[in-house]
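Engineer: I'll drop the sequence and a predicted model, then ask my questions.
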Amino acid sequence: MSTTPFELRYSIYESALDRLKEKYFSDMETYKTRTDNTFDTDLNLSPPVFPSVEDAIREAEQIYRFVQTK
């Protein structure tokens, strides 16, 4: 059974979102470690922002372009 274009696009989107979420959770761990172990109140660290749908679409487009050109 072959994959439909819709299923392929959705699979690429899911892969992109998974990649962004992995980066987010990794960045969040780093953020928590740095803020928990820091007594310097002048350190202005911003927490990472959870990826938006638009971020996932941009990432998926980048993956798709890579697959198409290689």
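Structural biologist: On my side now, so go ahead.
Engineer: Every contact and neighbour count from this point should use C-alpha atoms.
Structural biologist: Fine.
Engineer: Would you point out which residue is most central in the protein?
Structural biologist: With distances taken as Cα atoms, centre = their mean, residue 20 lies nearest the centre of the chain, 0.9 Å away.
Engineer: Helix, strand, or coil at that residue?
Structural biologist: Put simply, residue 20 is helix when judged by DSSP: H, G, I helix; E, B strand; the rest coil.
Engineer: Can you tell me how far it is from residue 35?
Structural biologist: According to Cα to Cα, to the nearest Å, residue 20 stands 22 Å off from residue 35.
Engineer: and what of residue 46?
Structural biologist: Computed with Cα to Cα, the distance linking residue 46 and residue 35 is 10 Å.
Engineer: The two: which is more packed in?
Structural biologist: Higher neighbour count among residue 46 and residue 35: residue 35, with 17 against 8, using other Cα atoms under 10 Å.
Engineer: pLDDT at the more buried one, what is it?
Structural biologist: Predicted confidence (pLDDT) for residue 35: 85.
Engineer: With residue 43 instead?
Structural biologist: At residue 43, pLDDT is 69.
Engineer: hang on, the earlier thing: show me the contacts for the residue nearest to the residue nearest to the centre of the chain when sequence neighbours are not counted.
Structural biologist: Using Cα to Cα, 6 or more residues apart in numbering and skipping residues adjacent in sequence, the residue nearest residue 20 is residue 51, 6.3 Å away. Neighbouring residues of residue 51 by Cα atoms under 8 Å, 6 or more residues apart in numbering: 17, 20, 21, 24.
Engineer: SS state for residue 51?
Structural biologist: Classified using three-state DSSP, residue 51 is coil.
Engineer: How much space separates it from residue 12?
Structural biologist: For residue 51, the distance to residue 12 (Cα to Cα) stands at 16 Å.
Engineer: ok so, going back, looking at the contacts of residue 51, spot the one nearest residue 67.
Structural biologist: The closest of those to residue 67 turns out to be residue 17 (Cα to Cα; 16.6 Å).
Engineer: three-state assignment of the closest one?
Structural biologist: Once three-state DSSP is applied, residue 17 turns out helix.
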